[in-house]
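K.L.:
need a structure here:
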Amino acid sequence: MATYVYAIVLPDHPRAERASGVGDPPGDLRRVVAERVAAVVGDAPADLRARRRDVTAHHDVLTGLAAEGGPVLPMRFGMVVEDDAEVERHLAEHGAAYAEALRRLEGKTEFNVKAEFDLDTVLPGLVVADPQIMAQRERSRATGALDEQMRLGEMVEQAVARHEAAVRDFVVGRLEGLAADMKDGPTVRNVAANVSFLVSSADTADFRAAVDALRGDVGEGVELRCTGPLPVYSFVPEAMAGAG
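P.N.:
Numbers count the residues shown, from 1 in each chain. From the prediction side, this is the model:
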């Protein structure tokens, strides 16, 4: 039977096995140890798919490991390899790098901050505040020419992009001092900032307070969303997260 990999931990990580993995019924977890690190694994269900039940079970395993103390390198949902022996070989080959990553993440957690904006609220202010856009709008109205309208659209898009960048830089400028590291997430429509922060567990209350203080300063039509603490997906080196 194939092996499902949940996370990499230190060999003495507390409660690194418990019966709450993916599958129906939930599969038992076990530990594969190789030198300086260990993997928390289970049997991979033959019909594994991204069902809510299994995605939730995967997340719950990671959350439980993090709550018990000790650093955790979480794997993305669906990490399946041939068997435990393959896991052991991989850990033996990359154990030093994993151990260093675990050391760097010890005592830290992840928060994701998104600055979402309502374009209908933000856009009128951007247009009125830019004399060049206002002038182009008048030319477009006066001539009705397609090229003038297209130019107006380009100028508005550029203004929105500048606004997004400014909001992102403002948010990061206020929060990065409370984080050990940060990573930009994927670009999302109408989201000026999508940034994950690696935060010391001792600083989580201060980080949340800083986000709350920002909410009144990011401008009209912009909403800040803070999610966390989370498993530190964003700070697992890509080669590790995708290794198998």
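
K.L.:
okay, domains of this protein per the record?
P.N.:
3-106, 109-233 (automatic domain parsing).

K.L.:
which of those sits most buried?
P.N.:
Highest mean neighbour count of the domains of the chain: domain 3-106, a mean of 18 (counted as mean count of other CB atoms under 10 Å). From N, CA and C alone the C-beta is placed, and that goes for glycine too.

K.L.:
now do the end-to-end distance for it.
P.N.:
Start-to-end span of domain 3-106 (CA to CA, to the nearest Å) is 26 Å.

K.L.:
distance of the closest residue to L175 other than its chain neighbours from F111?
P.N.:
Spatially, and ignoring its direct neighbours in sequence, L175 is nearest to A210 (5.8 Å; CB to CB, 6 or more residues apart in numbering). Plainly put, A210 is 10 Å away from F111 if you go by CB to CB, to the nearest Å.

K.L.:
next, give phi and psi for M75.
P.N.:
Note on M75: its backbone torsions stand at phi -90, psi 150 [degrees, to the nearest 10].

K.L.:
which other helices and strands contact whichever helix in the chain runs longest?
P.N.:
Using DSSP state H to define each element, the chain has its longest helix at helix 146-175. Other helices and strands packing on helix 146-175, by 3 or more CB pairs under 8 Å, 6 or more residues apart in numbering; DSSP states H and E, are strand 108-117, helix 119-128, helix 131-143, strand 191-200, helix 204-214.

K.L.:
can you redo those as a markdown table with mean pLDDT?
P.N.:
Shown next, in a markdown table, are the helices and strands packed on helix 146-175 (pLDDT from 0 to 100):
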| stretch | mean pLDDT |
| --- | --- |
| strand 108-117 | 93 |
| helix 119-128 | 88 |
| helix 131-143 | 91 |
| strand 191-200 | 94 |
| helix 204-214 | 94 |
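
K.L.:
export these to TSV and tack on distance to T56?
P.N.:
As requested, the helices and strands packed on helix 146-175 are exported to TSV (distance: least, CB to CB, whole Å):
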stretch	distance to T56
strand 108-117	18
helix 119-128	33
helix 131-143	47
strand 191-200	21
helix 204-214	23
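
K.L.:
so which of those comes closest to P14?
P.N.:
Proximity to P14 (CB to CB) singles out strand 108-117 among the helices and strands packed on helix 146-175, at 16.8 Å.

K.L.:
that closest one: how far from the chain's middle?
P.N.:
Mean-position distance between strand 108-117 and its chain equals 8 Å (CA atoms, centre = their mean, to the nearest Å).

K.L.:
check stretch 99-115 too.
P.N.:
10 Å.

K.L.:
could you do stretch 82-95 as well?
P.N.:
26 Å.

K.L.:
for that stretch, give me every contacting residue.
P.N.:
1-3, 5, 8, 30, 32-39, 41, 81, 98, 240, 243-244 (CB atoms under 8 Å, 6 or more residues apart in numbering).

K.L.:
before we move on, back to that, least reliable of the domains of the chain by average pLDDT, please.
P.N.:
Note on the domains of the chain: domain 3-106 shows the lowest mean pLDDT, a mean of 87.

K.L.:
circling back: so for P231, which of the helices and strands packed on helix 146-175 sits nearest?
P.N.:
Of all the helices and strands packed on helix 146-175, strand 108-117 comes closest under CB to CB, at 6.8 Å.

K.L.:
before we move on, back to that, distance of the residue nearest to L175 relative to T204?
P.N.:
Distance from A210 to T204, by CB to CB: 11 Å.

K.L.:
cool, and E35?
P.N.:
Counting by CB to CB, the gap from E35 to T204 is 32 Å.
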